[in-house]
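J.: model this:
(2 chains)
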Amino acid sequence: MPRKDFADIAAARLPAATLAQNFDDVAPPLDRQSALIAAQRCYYCYDAPCIQACPTGIDIPSFIRRITTDNLRGAAQDILGANILGGMCARVCPTEILCEGSCVRNTAESQPVQIGALQRYATDWVFDTDAALFERAAATGRRIAVVGAGPAGLSCAHALARAGHDVTLFDAKPRPGGLNEYGIAEYKVLEFAAREIEWLLGIGGIAWQGGQALGENLHLSDLRRDYDAVFLGLGLAGVNALGVEGEQLAGVRNAVDFIADLRQCDDLSQLPVGRRVVVIGGGNTAIDAAVQSKKLGAESVTLVYRRGSASMSATWAEQEFAKTQGVNVIEWAAPRRILGRDGAVTSMEFEYTQLDESGRLLGTGDLLTLPADSVLKAIGQVLLPPRADGDAGALLEISKGRIVVNAEFETSLRGVWAGGDCVGGKVDLTVQAVEDGKRAARAIHARLVGNGNGGN
Amino acid sequence: MADLRNNFVGVRSPNPFWLASAPPTDKAYNVNRAFEAGWGGVVWKTLGLDPHVVNVSSRYGAVQWNGQRIAGLNNIELITDRPLQVNLDEIRQVKRDWPDRAMVVSLMVPCDEQSWKTILPMVEDTGCDAVELNFGCPHGMSERGMGSAVGQVPEYVEQVARWVKLHSRLPCIVKLTPNITDIRHSARAAFRGGADAVSLINTINSIVSVDLDLMAPTPTVDGKGTHGGYCGPAVKPIALNMVAEIARDSETPNLPISAIGGIGTWRDAAEFMALGAGNVQVCTAAMHYGFRIVDDMIAGLANWMDQKGYRTLEDFRGRAVPNVTDWKFLNLKYDIKALIDQDKCIKCGLCHIACEDTAHQAIRKEKDGKRHFEVDNAECVGCNLCMHVCPVDSCISMVRVDEGGYANWTTHENNPARVKEPA
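T.: This is a model prediction of the structure:
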């Protein structure tokens, strides 16, 4: 492939077969034999630390024991009963800081039970056999609007449908799934996100309405009027800007858009990628964008983070993975400006940083310039608050960029609940969003049915 | 360097590891390979009178436990299914080729004097070193009045042993079935009949599993199954007890014992010999891993003996027998408490839940609001359960806390049959 001096962004840098191999399942499933060996390493701890470490409280020793007895339905019931997106979480959870990180096997052997892989083994059975694990309760006649079809919304919608309510699930995107569908590296969730949602919606009672953006063609005041309850699982749809010179140059994009394009791409050999890619940021989005650029055939991929690796929100395991995939990581360098020619990026200039005695991040004055055909920005996503429609938007209390909720996940608007990344609070993880949705559903159900007078 | 040479009822072998009468010793091919691998001797798979028996297809069932294959094995194979003369010719040749190895021939014929009188000279003529009487097989042959059908009746055991001693000059080892209530009765019968030794245990009557699709026991022969003989690691504790019971029985003083039952390592062998066995016989472990396992059995036993300062097998044989006693003589003043090594504890909580649910509620699970497992000595009775469930080596130890002294049940105030002075 001919190289260009700058703006070298092209598709088909690698043969189709290599691309297929690169984007294959990063952690292939366990077969029965390996699963049994892995499961037998579980000590079946009492009041196990791994359960405490799981935001959704999956009874991990129980499901693993069920695997050892070939009771896969039972294992799946344990998992999906606590976390309806247990299949996705088995693939994307940073288990190294959650269940596996707290496994007692770490103490003596530094080798936890492969909880994530086992969870995938048990849940794959469900999707492979299309097993129906849950039944809807008798219809309550109550109608609930769930806005946002990401992990929080899906979790909430399923729990409410299961309780007998009628749910309408709205999302601005054409397909449900949120970040699971648009925002996570392909090789982690290979052909899985849509399959999982299809199964989840199979419970019935959930009407899907894509292309409905809150504040545009969907209005909170209408939803509050037309439904018995509203749940907002809006995620963080906005992207932080770098705020440096040259950000408008061609070749500079948001990493989330690059990932979304990749996830929605049917033919990876048609997807352009820069020859020299610079990724800014230290989170999972940065890692996913960097690794996928490399897998698409970028000659060099450099991930630049303004602080040290310990401050990255990507876990050490994610960072290690990126390095083994050939991503070069530069720490302690902050973006200063993006340089270009003829309207396209040519390089990016950084200033090295350090902490002063009081712990503030300061530039050292030393500069670093990296040639770049493509710059991917991944310095965090922000809440796009629903536009005020009538009085509703104004009343939805927001603090520090997140929707304010009480312990029951109800917002400042009575009858409107919210959960997932848009409320924040704990960790911005799929598994936390699922838990939020589950708890909010419980609160909504209690309000609508529990006290007998329903609605608002 | 430890001397592993073994002399069992006059049968000499370079080490105490014999292969038991079973499929591994079915024919010259296998036995030659066993001797090449270093086995000290074999008990040739049981011979019977012609016409030879036939065997079925599908012969073994196994118990898997926690991922481990063959925790126990059962078989429904019968005695040799080859003509008697073929076996005798092979035995003669193998013994000639391996004169330093023990060649014992297992026999099972109908329970009448003539049958024994017929087969014994033929066997003796091969040049073999001894015969072992198979009174143990619990399946198939027992339906025909042989195997365990004989072994379960002490009078028959005694009678046949007597016939064998009458009609052969070969040392006679009686192989005992464990499918009885008190093994000592069978051993005493063999002893009275003049047997030179006993070997035990033969396999335990068993059904290893039920195929829930076929709704039939395994191994399944065209939809049906039958009880078979159980062996392998799972039976070792049963065999150890039976060997110990015979070793300390005053009615069978110094009766040589060839131990069988779940032996697969040098340590297993040392344990049986500490309980009085003169040597050991192995089958399942060889069937699982091949004859090469004897290599570690030889080296491991020798290294252990060197470490302990035992020069010959006799130096440690039977050393544990005096310490096998009756419950009533155990010291009631002995008191131990579990101690959890907090540096080794991985906080799995298994000790707590085992004690809390099923023992004495003596392990606390929390300290200062944190996950922490500690023994409450006031509640601990020293049962060892926590130590056994703890997955970490040497994390829980049992610490002696009593102030010495001895008192046993025979004089205890709660014993209605107590005596004044300890027995």
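
J.: B:Asp81 against B:His52, yeah?
T.: Yes. Taking contacts as C-beta atoms under 8 Å, B:Asp81 lies within contact range of B:His52: 5.5 Å. (Glycine included, C-beta is placed from N, CA and C.)

J.: which of those two has more neighbours?
T.: Taking other C-beta atoms under 10 Å in any protein chain shown, B:Asp81 and B:His52 do not tie; B:His52 has more neighbours (17 against 13).

J.: distance of that one from chain A?
T.: Distance, B:His52 to chain A, using C-beta to the nearest C-beta, to the nearest Å: 40 Å.

J.: ok, that residue - contacts?
T.: B:Thr80, B:Asp81, B:Arg82, B:Pro83, B:Leu84 (C-beta atoms under 8 Å, 6 or more residues apart in numbering or on different chains).

J.: The second one: what's it in contact with?
T.: Counting by C-beta under 8 Å, 6+ apart, B:Asp81 touches B:His52, B:Val53, B:Val54, B:Asn55.

J.: from the residues you listed, which ones fall inside strands?
T.: Nothing among these maps onto strands, per DSSP state E.

J.: lowest confidence element among the helices and strands of the chain?
T.: Went with chain A since none was named. Of all helical and strand segments in chain A, the minimum by mean pLDDT, DSSP states H and E falls on helix A:392-395, at a mean of 63.

J.: try again with chain B
T.: Least confident helix or strand, chain B: helix B:148-151 with a mean of 89, by mean pLDDT, DSSP H and E.

J.: chain center to it, what's the gap?
T.: 18 Å (C-alpha atoms, centre = their mean, to the nearest Å).

J.: Next, count neighbours for residue 22.
T.: Using chain A. By the measure other C-beta under 10 Å, the count of residues near A:Asn22 is 19.

J.: meant chain B, my bad for not saying
T.: Count around B:Ala22 with other C-beta under 10 Å applied: 25.

J.: wait, doesn't it sit right on B:Cys283?
T.: Yes. Shown here, B:Ala22 and B:Cys283 form a contact pair, counting by C-beta under 8 Å, at 4.2 Å.

J.: Enumerate the residues of chain B near chain A.
T.: Counting by C-beta under 8 Å from any C-beta of the partner chain, chain B comes close to chain A at B:66-67, B:344, B:346-350, B:352-353, B:365, B:371, B:391-392.

J.: I figured A:Ala75 hits A:Ala122, correct?
T.: Yes. With contact defined as C-beta under 8 Å, A:Ala75 reaches A:Ala122; the gap is 3.8 Å.

J.: So for these two, which residues contact both of them?
T.: Contact with both A:Ala75 and A:Ala122 is made by residues A:Phe63, A:Arg66, A:Ile67, according to C-beta under 8 Å, 6+ apart.

J.: Let me see the contact set for B:Ser199.
T.: Residues in contact with B:Ser199 (C-beta under 8 Å, 6+ apart) are B:Ala20, B:Val43, B:Glu132, B:Ile173, B:Val174, B:Lys175, B:Leu176, B:Ile257, B:Ser258, B:Ala259, B:Ile260, B:Gln281.

J.: and the third one, what element?
T.: Translated: B:Glu132. strand B:130-134 (DSSP states H and E).

J.: Parallel or antiparallel, which strands does that strand pair with?
T.: strand B:102-107 (parallel), strand B:172-175 (parallel) (DSSP bridges).

J.: residues making contact with that strand?
T.: Outside strand B:130-134, the residues that touch it by C-beta under 8 Å, 6+ apart are B:9-11, B:21, B:43, B:46, B:79, B:102, B:104-108, B:120, B:123, B:141, B:146-147, B:160-161, B:164, B:168, B:170-175, B:195-196, B:199, B:202.

J.: Now list the buried members of those.
T.: Neighbour counting with 16 or more other C-beta atoms under 10 Å in any protein chain shown marks B:9, B:11, B:21, B:43, B:46, B:79, B:102, B:104-108, B:120, B:123, B:141, B:146-147, B:160-161, B:164, B:168, B:170-175, B:195-196, B:199, B:202 as buried within the contacts of strand B:130-134.

J.: Quick check: the gap between B:Leu84 and A:Ala137.
T.: According to C-beta to C-beta, to the nearest Å, B:Leu84 and A:Ala137 sit 75 Å apart.

J.: so who does A:Thr315 touch?
T.: Applying C-beta under 8 Å, 6+ apart, the residues near A:Thr315 are A:Pro94, A:Glu96, A:Ile97.

J.: do B:Lys27 as well
T.: Per C-beta under 8 Å, 6+ apart, neighbours of B:Lys27: B:Lys45, B:Arg82, B:Asn87, B:Glu90.

J.: per-residue pLDDT, B:Gly140?
T.: For B:Gly140, the pLDDT comes out at 81.

J.: What is the neighbour count of it?
T.: Here the number of neighbours of B:Gly140 (other C-beta under 10 Å) works out to 21.

J.: Now do the phi/psi pair for the residue lying closest to it once chain neighbours are set aside.
T.: Among residues not flanking B:Gly140 along the chain, B:Leu78 sits closest, at 4.6 Å (C-beta to C-beta, 6 or more residues apart in numbering or on different chains). When read as degrees, to the nearest 10, the backbone of B:Leu78 gives phi -90, psi -160.

J.: which residues does A:Ser399 bridge with?
T.: Counting by DSSP bridges, A:Ser399 is bridged to A:Arg402.

J.: Could you count how many residues lie near it?
T.: Residues lying near A:Ser399 (other C-beta under 10 Å) number 9.

J.: which element is the residue in the stretch 151-300 of chain A positioned nearest to chain B on?
T.: Nearest residue of the stretch 151-300 of chain A to chain B (C-beta to the nearest C-beta) works out as A:Trp199 at 27.8 Å. Take DSSP H and E as the rule and A:Trp199 turns out to sit in helix A:193-201.

J.: Now do A:Asn456, the pLDDT please.
T.: Note for A:Asn456: predicted pLDDT of 41.

J.: Roughly how far does whatever residue of the stretch 101-250 of chain B ends up closest to chain A sit from A:Asp70?
T.: Closest to chain A within the stretch 101-250 of chain B is B:Leu212: 10.7 Å, counting by C-beta to the nearest C-beta. Noted for B:Leu212: a distance of 11 Å to A:Asp70, by C-beta to C-beta.
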